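>>> Everything below, folded, please.
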Amino acid sequence: MPGCSLSRRSATAELPPGTSQRQPALSGNGRYLASVVDLQGRPSVALQDLDQGRRVPLPLLRRHRPHSSPSLSWNGRYLALITQQGRGRLALVHDRRTRRLHPLRLPPAHEPVSLSLAPDAGSVALQTLHRGRFSVLLLDLSTLLEPDRPPGSRLGLPEGTAGTSP
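Numbers count the residues shown, from 1 in each chain. Okay, the predicted model is just below:
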């Protein structure tokens, strides 16, 4: 394709050799990569800082395995994922800055299947299974999480309108 170039960066920072990675999610700024890897026989999210070439520890998530469907906010502050809770599945958001986990409340009997976090972490799209049917729910997270916006973006202005006058 004209105007495109491909370059390769290692996406295996500090992972054991031969580790299988799947379900990749890249932060909006391209610095962080989350993927699901098998650790001690259980699917677990691995977060890698591609700029530093190192794995980022996620101690709060150790007891919430297995993991699936990781999604990152713009700067990688927030990591959304699906995990196991008892016999059911739970969607949650990990705030790496405050070191808090935010479970996402779903309507009764809706089982999370996959998710996608908005780059600013203001909302999340969740695919759920309810009575044998798939549906997509949009949850507003703006009262739960602080925005995670690109540097230089202004609060209160729609994307792409910074510096323009009416």
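
>>> residues contacting the closest residue to residue 135 other than its chain neighbours?
Among residues not flanking residue 135 along the chain, residue 128 sits closest, at 5.7 Å (Cβ to Cβ, 6 or more residues apart in numbering). Quick note: C-beta positions are derived from backbone N, CA and C, even for glycine. Residue 128 makes contact with 106, 110, 111, 112, 113, 134, 135, 136, 137, according to Cβ atoms under 8 Å, 6 or more residues apart in numbering.

>>> quick one, strands of the chain?
21-26, 32-39, 42-49, 54-56, 67-72, 78-85, 88-95, 100-103, 111-117, 123-130, 133-140 (DSSP state E).

>>> what is the residue most central in space within the chain paired to in the beta sheet?
Closest residue to the average C-alpha location of the chain: residue 71 at 2.0 Å, with Cα atoms, centre = their mean. Beta bridges link residue 71 to residue 80, judged by DSSP bridges.

>>> Closest one to residue 21 out of the contacts of residue 128, please.
Nearest to residue 21, judged by Cβ to Cβ, of the contacts of residue 128 is residue 113 at 20.3 Å.

>>> Residue 134 is in contact with that closest one, correct?
Yes - using Cβ atoms under 8 Å, residue 113 makes contact with residue 134 at a distance of 6.9 Å.

>>> between those two, what contacts are shared?
Residues touching both residue 113 and residue 134 (Cβ under 8 Å, 6+ apart) are 127, 128.

>>> The two: which has the busier surroundings?
residue 113 (17 against 10; other Cβ atoms under 10 Å).

>>> got a list of what the more buried one touches?
Contacts for residue 113 (Cβ under 8 Å, 6+ apart) come out as 69, 82, 89, 126, 127, 128, 129, 134.

>>> again, 10 Å this time
68, 69, 82, 89, 91, 126, 127, 128, 129, 134, 135, 136 (Cβ atoms under 10 Å, 6 or more residues apart in numbering).

>>> With residue 122 instead?
73, 140, 141, 142, 143, 144, 145, 146, 147, 148, 149.

>>> Does the second one touch residue 124 like I think?
This points to residue 140. Yes - counting by Cβ atoms under 10 Å, residue 140 touches residue 124, with 8.8 Å between them.

>>> Overlap in contacts, these two.
Common neighbours of residue 140 and residue 124 (criterion: Cβ under 10 Å, 6+ apart): residue 118.

>>> who touches residue 139 in this structure?
91, 93, 104, 105, 106, 115, 123, 124, 125, 126.

>>> Having no further points to raise, I will conclude here.
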